[in-house]
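Participant: Pasting the sequence and the predicted coordinates here, then a few questions.
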Amino acid sequence: MAQITVEEFRNFFKYYKGEEHQQRAVEQLYDDLKKKTKDDNAEWITTYRTPAAVEEPVKKPEVSGGICTPQLMQQLTAYPADSFDEVFVNDCNRLFRETGFDAHLDAMQMLMANMMHETCNFLYMKEIADGWAYENRSDLGNTSSGDGPRYKGAGVLQLTGKYNYSRLSDGIGDPKVMDGVDYVSNTYPFTSARIWIEENNLLSVCLTQGFDQCCLRINGGWNGYEDRLNKYHTCQKYMR
């Protein structure tokens, strides 16, 4: 007598919709089962009730070439090369590549200099303030309790506010961005600035108007201009 396969047997459960003939069939199956198979601690019942532990895959850093390396970062900042891991340098290269800066050395130098200034040579990758000043700021999308600190400034250009975090999350397809500032500053220290850079046409500003206007577009004024200029000269020396 031919027997059904395991896969065919699984399909009985897959397509079970509680229809009357299906219920009768399940009752018949129950009657045919041996008593020990119906015990509450039977192996198949325990297995069925207990999901297997699934380990989250470890997120490996994106492997990407580009101008940014730990050695370059050491030259630019005077911090040891081993201070800059793969996630950091790869995300920097990703930002340059995805915004088109990687095709224009001078523009890359301008942007790098400003990012160095904004973060004190990448020492502060998230806002120092606690973020409570942003609490209940509906213009930033902070409408739930704790949104202010959770979505305070992150990354090289200080991505701020739940609304902007959600735009980043949607743009790169990573829902964990909504975990908040710690995740973003550690995982997307540079990519967090991509949307702002694109929407403010920063590459075009750099190419057509030069360094001063790049600083003005990023800062909105002239705060720290001398430091930005000094860092620009450093970038010109080492970014080749």
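Facilitator: Sure, I can see it.
Participant: what's the pLDDT at Ala2?
Facilitator: Ala2 is assigned 65 on the pLDDT scale.
Participant: low-scoring stretches of the protein, by residue?
Facilitator: Counting by pLDDT under 70, the chain has low-confidence residues at 1-2, 7-8, 11, 14-16, 52-64.
Participant: and the closest residue to Met125 other than its chain neighbours, which of the three is it?
Facilitator: In this structure, Met125 finds its nearest non-sequential neighbour in Ser185, 4.4 Å apart by C-beta to C-beta, 6 or more residues apart in numbering. Backbone N, C-alpha and C define where each C-beta goes, glycine included. At Ser185 the chain is in helix, as set by DSSP: H, G, I helix; E, B strand; the rest coil.
Participant: residue contacts, Ser185?
Facilitator: With contact set as C-beta atoms under 8 Å, 6 or more residues apart in numbering, Ser185 has these partners: Met125, Lys126, Ala154, Gly155, Ser192.
Participant: how close does it sit to Glu135?
Facilitator: 19 Å (C-beta to C-beta, to the nearest Å).
Participant: Ok, Asn201 next?
Facilitator: Where Glu135 is concerned, Asn201 sits at a distance of 32 Å (C-beta to C-beta).
Participant: Compare those two (neighbour count), which wins?
Facilitator: Legend: neighbour count by other C-beta atoms under 10 Å for Asn201 and Glu135, higher for Glu135 (18 against 12).
Participant: Tell me if I'm right that the more buried one and Ser144 touch.
Facilitator: No - using C-beta atoms under 8 Å, Glu135 is not in contact with Ser144, being 9.7 Å away.
Participant: circling back: looking at the contacts of Ser185, which is nearest Asp39?
Facilitator: Using C-beta to C-beta, Ala154 comes nearest to Asp39 of the contacts of Ser185, at 54.2 Å.
Participant: List the buried residues in stretch 184-199.
Facilitator: 184-197 (16 or more other C-beta atoms under 10 Å).
Participant: any idea how far Leu159 is from Cys120?
Facilitator: Distance from Leu159 to Cys120, by C-beta to C-beta: 17 Å.
Participant: The two: who's more crowded?
Facilitator: Legend: neighbour count by other C-beta under 10 Å for Leu159 and Cys120, higher for Leu159 (28 against 12).
Participant: I'd say the more buried one and Pro189 touch.
Facilitator: No - look at Leu159 against Pro189 with C-beta under 8 Å: they stay out of range, at 10.0 Å.
Participant: Now for Phe101: which residues touch it?
Facilitator: Leu95, Ala107, Met108, Leu111, Leu203, Cys206.
Participant: Kindly reformat the buried residues of stretch 184-199 as CSV containing secondary structure.
Facilitator: Converted to CSV, those look like this (three-state DSSP):
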residue, secondary structure
Val184, helix
Ser185, helix
Asn186, helix
Thr187, helix
Tyr188, coil
Pro189, coil
Phe190, coil
Thr191, helix
Ser192, helix
Ala193, helix
Arg194, helix
Ile195, helix
Trp196, helix
Ile197, helix
